[in-house]
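Here is my input; please provide its structure:
(one chain, ligands or ions: 1)
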Amino acid sequence: MDRTKFVSERELEYQRECTERVRAMNAGMTAFVDTYGCQQNEADSERMRGMLREMGYTIVDDDKADVVVINSCAVREHAEQRVLGNIGHMVHYKKINPEQKIILAGCMAGEETVRQTVKKSYRQVDALLDTTSFWRLPETLLRLYEQGGRLIEHAEPDSRIAEGLPVVRTVPHKAYVSIMYGCDNFCSYCIVPYVRGRERSRDPKDVVREVRELAADGCHDIMLLGQNVNSYSGGGVDFPELLSRCAEVEGDFTLRFMTSHPKDCSHALIDAIAAHPKVERHIHLPVQSGSDEILRRMNRRYTVEQYCELVDYAREKIPGVIFTSDIIVGFPSESDEDFEGTVELVKRVRYDSIFTFIYSKRAGTPAAEMDDPITHEQKVKRFRRLMALQDEITLEDRRPLIGSTVRVHIDGESRSGELNLTARTQEGRLVSLKGDSGLIGTYADVKVTDITTFSLIGELK
Ligand code: SF4
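Sure, this is the predicted structure:
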């Protein structure tokens, strides 16, 4: 259902006024945006950096900066503890620079329990700014400077979209384009719908305009983002149509998207990928489990059979397409038989790679209340078995690529050893190679010399 509302021009104008007022009092201050979690957070951080730069801050990579925005992730409790640990550490910096402003943004800022914890125990945090209201960053900073105090009172999630925010991209040839926000799916283990609000889609004209501007700017790698891109519904346009419109934009770029929910992934989407060579030959389709009973308890709303039908259809229509997936091992009450279902599914689909997680309880979700008689040792054993199986499949399916030539986009520097560059094939596979860093942002033909479970190893031709 298309129920999107937009932040009014008058409110955005007020943010611009606040930007100017902060800029007027800003004499060479620095700002750092520290990002945790998914690509959606990366995309939000790029916009927060854009706003901070317009307010006159120099963007740095240092948590002693005059403004520190922690763009947090709430998906796992472990990640939350890490964020709180880092905030705890920052109390020392604030003693040295009492004027420093610390803002907790992202998913954690939308959780009531976190708000209470921060209010009582993390007094160094000056403001909370959840994912639905980060466009108010200029107003937030201005209020902190002019009025002092802390801005950590409860705020209802804002169910609107703010268009036209400035952006500082981390890498010039790579861009994230958010096409929608929030999620309506309420998978029983997931906190996202509670902290990112209900689904709302951008206007297709705004999305296509942004893709056109990026392509004209020489951007080669454009990723359309949403918690569930397949339920995009903006201005009467669905996701297959939006993907086609973006792929028809002139320019030399690869179009990718993340994340697809199998219940909404349609033949029409697969046909749209098949029809447009600019769209990556890769579908990340998180299955989560190979047991219908576990899928039902997860509230995923598809069956293993429906999932496999989609995979078969895509393989028929898109030659060479690869699949990747997310899988949760040890969901509450997962029996040996349920787990064997997952093993069989992995053997059947033959993913290029999978992201496997041991289920971890997330307070505030229905799954956290479910009985869970499975021991941690059992879960670890299953996890290891699945990883070993996937490694075997990955290596078997990549081995025939040795000796072949693949076209890649060189997209960054690697921190590991001699193979100093990273690149991606048209299927999105990672390639490690050696070369001049001046090649970053260009296309090249590469001979595959070896393979690992992590990447292809290549040599420039
Ligand atoms: S689709 Fe499910 S797992 Fe994904 S964000 Fe929405 S609720 Fe979470």
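
Flag every residue of this structure that's near the ligand.
By the rule C-beta under 6 Å from any ligand atom, the part of the chain lying against the ligand is 183, 185-187, 190, 192-193, 227-228, 261. (Glycine included, C-beta is placed from N, CA and C.)

From these, keep the buried residues only.
Neighbour-count burial (16 or more other C-beta atoms under 10 Å) applied to the residues of the chain next to the ligand gives 183, 185, 187, 190, 192-193, 227-228, 261.

Dump the residues you listed to JSON lines, plus pLDDT.
Shown next, in JSON lines, are these (pLDDT from 0 to 100):
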{"residue": "Cys183", "pLDDT": "93"}
{"residue": "Asn185", "pLDDT": "93"}
{"residue": "Cys187", "pLDDT": "96"}
{"residue": "Cys190", "pLDDT": "94"}
{"residue": "Val192", "pLDDT": "90"}
{"residue": "Pro193", "pLDDT": "91"}
{"residue": "Gln227", "pLDDT": "92"}
{"residue": "Asn228", "pLDDT": "93"}
{"residue": "His261", "pLDDT": "95"}
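
from the residues of the chain next to the ligand, which ones fall inside strands?
Of the residues of the chain next to the ligand, none are assigned to strands by DSSP state E.

Helices - which of these land there?
192-193 (DSSP state H).

Whatever residue of the stretch 201-350 of the chain ends up closest to the ligand: what's its closest spatial neighbour, skipping adjacent residues?
At 4.1 Å from the ligand, Gln227 is the closest residue in the stretch 201-350 of the chain, using C-beta to the nearest ligand atom. Spatially, and ignoring its direct neighbours in sequence, Gln227 is nearest to Cys183 (4.0 Å; C-beta to C-beta, 6 or more residues apart in numbering).

The one you found contacts Arg196, correct?
Yes - using C-beta atoms under 8 Å, Cys183 makes contact with Arg196 at a distance of 6.2 Å.

which neighbours do these two share?
Residues touching both Cys183 and Arg196 (C-beta atoms under 8 Å, 6 or more residues apart in numbering): Gln227.

any chance you could map the strands in the stretch 151-300 of the chain?
With DSSP state E, counting those that start in this stretch, the ranges of strands along the stretch 151-300 of the chain come out as 160-161, 174-178, 180-181, 200-201, 221-225, 233-234, 237-238, 254-258, 282-284.

and the angle from the second one to strand 221-225?
By that I understand strand 174-178. Orientation check (axes from the mean of the first three to the mean of the last three C-alpha atoms, to 10 degrees): strand 174-178 against strand 221-225 gives 20 degrees.

could you dump strand 174-178 to PDB, C-alpha only?
What follows is strand 174-178, C-alpha atoms only, in PDB (Å, rounded to 0.1, in the frame of the first residue of the first chain):
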ATOM      1  CA  LYS A 174      29.900   3.800  -5.500                       C
ATOM      2  CA  ALA A 175      26.500   5.000  -4.200                       C
ATOM      3  CA  TYR A 176      23.600   3.800  -2.100                       C
ATOM      4  CA  VAL A 177      20.200   5.000  -3.200                       C
ATOM      5  CA  SER A 178      17.500   4.300  -0.500                       C
END
